[in-house]
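[1] Sequence plus the predicted model coming up.
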Amino acid sequence: FVNIFALLLQGVSRLYHKQGKGCHYPFKMDDGTGFAENFEVAFSLSWTTFSTVGYGAVGPDPDEVGCLGIRYLCCLEAFFGVVFFGFCSAIFFNRIGRLLSEAKVTFSSSLCIQYGMGVEGDKIFDEH
C-alpha cells in the first residue's frame, strides 16, 4: 500500500507542479532532481501517513491553496492505515487469545517458598 500511495502522491505532485503550484514542499522538481529523490520524499510522506505517525517533516504545503488532491490522498491513506492496523491488531489478539485458551496451565492454591541457594548450591538452607 505504501509504495502505491507514494507513486500516487508523486504523480499528483507532478500534476500540481505543471499547474504552477508547489503543493508538496519538500519536492524539488525545478532544480533537476530525478525520480529517485522525489520518490524518497513521497515514500516518507506515504509511510508517516499510513502509519499515522505524522512527524510533520513532510507534507502538503499549508500555505498553498488548491492542493486538495494531495490532502485527500493523505486522508485516504491515513484511513486505510487505521483500518489496516486495526485488523492486524484484532488478528494478533485473536491468535494470542486462542493460544492462551488452549494452554495446559493449572494453578495451585498453595504456595511453596524455598530459602537458600536452591538447586544450584550445595546447601538448601542457610544455617547461622
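    Thanks, I have the structure now.
[2] How much space separates the most centrally placed residue in the chain from residue 88?
    A centroid search over the chain (C-alpha atoms, centre = their mean) returns residue 51, at 3.4 Å, as the residue closest to the centre. In this structure, residue 51 lies at 12 Å from residue 88, with C-beta to C-beta, to the nearest Å as the measure. In this view, the C-beta of every residue, glycine as well, is placed from N, C-alpha and C.
[3] and what of residue 75?
    Using C-beta to C-beta, which is the criterion applied here, residue 75 is 20 Å from residue 88.
[4] Report the mean confidence score over the helix ranked longest in the chain.
    Longest helix in the chain by number of residues, with DSSP state H as the criterion: helix 68-102. Averaging pLDDT along helix 68-102 gives 87.
[5] so what does that helix touch, helix or strand wise?
    Helix 68-102 makes packing contacts with helix 2-18, helix 35-50 when contacts are defined by 3 or more C-beta pairs under 8 Å, 6 or more residues apart in numbering; DSSP states H and E.
[6] Could you dump those into TSV with mean neighbour count and mean pLDDT added?
    Formatted as TSV, the entries for those read as follows, by neighbours: other C-beta atoms under 10 Å; pLDDT from 0 to 100:
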stretch	mean neighbour count	mean pLDDT
helix 2-18	18	80
helix 35-50	19	78
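[7] out of those, nearest to residue 64?
    Each of these was scored for nearness to residue 64 using C-beta to C-beta, and the closest is helix 2-18 (8.3 Å).
[8] So for the residue lying closest to residue 48 once chain neighbours are set aside, what's the pLDDT?
    In this structure, residue 48 finds its nearest non-sequential neighbour in residue 55, 5.3 Å apart by C-beta to C-beta, 6 or more residues apart in numbering. Model confidence at residue 55, expressed as pLDDT, equals 73.
[9] just checking, residue 55 is part of a strand?
    No. Applying DSSP: H, G, I helix; E, B strand; the rest coil, one finds residue 55 to be coil, outside a strand.
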